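> below are the sequence and a predicted model; questions follow.
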Amino acid sequence: MTYSFVKASVNEQTPEETQLVMVYQLSKIFDCLINREGDLKGFMAYAQTETADFISMCRMLCEQKEWNFEELCKDGQDELPTARTEQLGRIFIIMGRMVRGLYYLKRFGDARGDKPEKSMKDLIRWIKRLCTQMGWDFWEVTDMGEKRYEDRMEDLRKNGINKRLKPQYRRKAVANKA
């Protein structure tokens with residue numbers, strides 16, 4: 001993939017901030033897919049966009065950590081289908097392992113357990129399985145996330161806190177016309 005989330009970002013975002021956004025996005029996926037009754041069509045569509053945003057942040061973290069997202073996506077999907085709640089639970093647990101590993105690397109210089117890059121590979125594998133179970137094409141959802149990221153960056157350029165934007169994206173101060 002040639003798209004760079006880091007270069008396209010209009011603000012500086014640390015890997016820790018990327019992980020926070022991932023946690024937020026995962027909570028939105030849970031909210032859409034857990035304990036819903038009745039017509040789920042709207043929730044399913046919303047879950048797809050939230051999954052697209054989550055994948056975007058996976059890609060950004062991979063880029064920030066210099067992990068090859070495409071290589072991490074390669075796997076055999078020969079496992080039996082799993083209930084959606086179990087898939088979401090596993091995604092949550094693996095995400096926790098990855099965050100812990102990255103935190104320990106920063107704190108101790110050693111992940112002390114699961115290696116974060118391996119956890120990201122496992123996380124992607126389970127997200128791919130979720131997409132398959134939901135009837136979504138993983139790569140189409142990935143492309144959707146890229147487009148949605150561009151839209152968010154445009155909104156941030158226009159409405160974000162100016163001093164937190166990269167210098168090239170800061171808005172010029174408007175002179176007070178009295």
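The structure has been received and is ready for your questions.

> helices of the protein, start to end?
5-8, 15-33, 41-65, 69-73, 84-108, 116-134, 138-159 (DSSP state H).

> any chance of those in CSV, plus mean pLDDT, distance to residue 167 and mean neighbour count?
Just so you know, the C-beta spots here come from the backbone N, C-alpha and C atoms, and that holds for glycine as well. Below are the helices of the chain laid out as CSV (pLDDT from 0 to 100; distance: least, CB to CB, whole Å; neighbours: other CB atoms under 10 Å):
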stretch, mean pLDDT, distance to residue 167, mean neighbour count
helix 5-8, 95, 14, 14
helix 15-33, 95, 19, 17
helix 41-65, 94, 20, 20
helix 69-73, 94, 28, 15
helix 84-108, 93, 27, 16
helix 116-134, 93, 31, 20
helix 138-159, 95, 13, 15
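
> mind checking which of these is nearest residue 170?
helix 138-159 (9.2 Å; CB to CB).

> if we can go back for a sec, reformat the helices of the chain as TSV; add distance to residue 173.
As requested, those are exported to TSV (distance: least, CB to CB, whole Å):
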stretch	distance to residue 173
helix 5-8	25
helix 15-33	26
helix 41-65	30
helix 69-73	39
helix 84-108	37
helix 116-134	41
helix 138-159	15
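
> outside of stretch 88-105 itself, list whatever touches it.
With contacts defined as CB atoms under 8 Å, 6 or more residues apart in numbering, stretch 88-105 is touched by 15-16, 19, 22-23, 26, 29-30, 33-34, 65, 82, 110-116, 119-120, 122-123, 126-127, 130.
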